[in-house]
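> Quick one: sequence plus predicted model below, questions after.
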Protein chains: 2
Amino acid sequence: MKILIIGAGGTIGKQVAVALKEHEVITVGRNTGTIKADISEDDAVERLFKQVPDIDAVICVAGDSNTDNLSAITKAQFMVGIEQKLWPQINLVLSGMKYLNDNGSFTLISGKMGDLPIRGSSGKAFVNGAINSFVKAAAQEMPRGIRLNAISPGKVLDIDSNALVAAYLICLETDINGEIVNVGYQKN
Amino acid sequence: MKILIIGAGGTIGKQVAVALKEHEVITVGRNTGTIKADISEDDAVERLFKQVPDIDAVICVAGDSNTDNLSAITKAQFMVGIEQKLWPQINLVLSGMKYLNDNGSFTLISGKMGDLPIRGSSGKAFVNGAINSFVKAAAQEMPRGIRLNAISPGKVLDIDSNALVAAYLICLETDINGEIVNVGYQKN
């Protein structure tokens, strides 16, 4: 498979890129990777797919969000998650679904705080909840056999690398669609 | 109780306002209600709480979102939900928690598409998912015994008015906190 990994320079991205090295992996990052691109720019996704044709799978492990205690958090902090993690991933699907190969797959990233938030996580929680519901909705409308799922990781330090890679392989290689795959925690 | 109902002119708001008439209800709406206010304006919430002191409960049944088939939906349509339903309700809590009476409650509104989306609902689904996760997170940090919950209604025409009112009474009168109360549908 020809696989685009967006955010391949991060902790999760590095592990996934190594594990998939039998495939043709093209790494994308703002500052690192084969291709430099910032997918929070609206037209970056369109440019990316035109630059790299014939993609079978897109894994996005990029996306910042910002949080603080509720009594201190600002609108600007909430907007980081919308502008850097939520909208770029929605845009990746909306734009990318026109270019991705038949029977390809998108694997987005959300996070444990969407399901099981703790104190001080509201700026992360709402973004992850939004991504999960978007995936469940949008997966029903993917064209040409394309599938759309999300990995919802727990705290990165709590995640076993084998479990992480296994979750990505499930998204890449099985027929699941519209699923949120938890890694590093159990959903209640 | 002194209860502020925001969006009281809508289908749900009207039913709730009637059912709570033994309380002191103050209705708020963009175009209808005792007080005219558009809570999508950032400082409207602050103004509202200063204008109406001594509030025990806030029920928000206001909030537009916009959707379309995934192949046609635009960024502008996604942003309607963020700007008209998600951020105003987050802002309502962030600003209002400073003013609401001790042991008061916020009851926000999300919707079935966050849990059980159908085709063509992505512009609504992600907003509702975001609100649900925000409520679960932020409820843990409410000061002075204040509680925060959300009602997640199904299709308005499918909802029994008694069930709807019962759900609001659970949020107002019991000690639940951080809960998403479904009305008019069963979550899988």
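In hand now; what should we look at?

> In which helix or strand does the residue most central in space within chain A reside?
Geometric centre of chain A, nearest residue: residue A:108, 2.5 Å, by C-alpha atoms, centre = their mean. Assigned by DSSP states H and E, residue A:108 belongs to strand A:105-109.

> how close does the spatially closest residue to residue A:49 that is not a sequence neighbour get to residue A:106?
Closest residue to residue A:49 apart from its sequence neighbours, by C-beta to C-beta, 6 or more residues apart in numbering or on different chains: residue A:99 at 3.8 Å. From N, CA and C alone the C-beta is placed, and that goes for glycine too. According to C-beta to C-beta, to the nearest Å, residue A:99 stands 11 Å off from residue A:106.

> go on, residue A:46?
Counting by C-beta to C-beta, the gap from residue A:46 to residue A:106 is 15 Å.

> And for residue A:63?
Per C-beta to C-beta, residue A:63 is found 14 Å from residue A:106.

> Now the residue nearest to residue A:49: phi and psi?
For residue A:99, the backbone dihedrals are phi -110, psi -30 (criterion: degrees, to the nearest 10).

> residues touching it, list them.
By C-beta atoms under 8 Å, 6 or more residues apart in numbering or on different chains, the residues touching residue A:99 are A:49-50, A:53, A:55.

> buried subset of the residues you listed?
The neighbour-count test (16 or more other C-beta atoms under 10 Å in any protein chain shown) marks A:49, A:55 as buried among those.

> what's the most distant pair in the contacts of residue A:99?
Across the contacts of residue A:99, the longest distance by C-beta to C-beta is 11.0 Å; it joins A:50 and A:55.

> Run through the helices of chain A in chain order.
Here chain A has its helices, by DSSP state H, at A:11-19, A:44-51, A:75-81, A:87-96, A:112-115, A:122-138, A:161-173.

> Flag every buried residue along the third one.
Using 16+ other C-beta under 10 Å as the burial criterion, the residues of helix A:75-81 that qualify are A:78-81.

> how distant is it from the center of its chain?
Relative to the chain's own centre, helix A:75-81 is displaced by 19 Å; criterion: C-alpha atoms, centre = their mean, to the nearest Å.

> on contacts alone, who are the packing partners of it?
helix A:122-138, helix B:87-96 (3 or more C-beta pairs under 8 Å, 6 or more residues apart in numbering or on different chains; DSSP states H and E).

> Take those and lay them out in CSV including mean pLDDT and distance to residue B:6.
Converted to CSV, the helices and strands packed on helix A:75-81 look like this (pLDDT from 0 to 100; distance: least, C-beta to C-beta, whole Å):
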stretch, mean pLDDT, distance to residue B:6
helix A:122-138, 98, 19
helix B:87-96, 96, 7
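
> between those helices, which gets nearest to residue A:158?
Closest of those to residue A:158 is helix A:122-138, at 15.4 Å (criterion: C-beta to C-beta).

> The residue of chain A positioned farthest from its centre and residue A:164: what is the separation?
What lies farthest from the middle of chain A is residue A:71; by C-alpha atoms, centre = their mean that is 29.2 Å. Distance of residue A:71 to residue A:164, given as C-beta to C-beta: 34 Å.

> Same question for residue A:117.
In terms of C-beta to C-beta, residue A:117 sits 21 Å off from residue A:164.

> same thing with residue A:122?
Taking C-beta to C-beta, one finds residue A:122 at 26 Å from residue A:164.

> Compare the two (neighbour count), which wins?
residue A:122 (31 against 20; other C-beta atoms under 10 Å in any protein chain shown).

> The more buried one contacts residue A:73, doesn't it?
Yes: if you go by C-beta atoms under 8 Å, residue A:122 and residue A:73 touch, sitting 6.5 Å apart.

> Find the residues that touch each one of these two.
Common contact partners of residue A:122 and residue A:73 (C-beta under 8 Å, 6+ apart): residue A:67.

> just for chain A, where's the confidence low?
Applying pLDDT under 70 to chain A flags the ranges A:188.

> Quick one: residues contacting the closest residue to residue A:184 other than its chain neighbours.
The shortest distance from residue A:184 to any non-neighbouring residue, by C-beta to C-beta, 6+ apart, is to residue A:154 (3.1 Å). Residues near residue A:154 by C-beta under 8 Å, 6+ apart: A:111-112, A:182-185.
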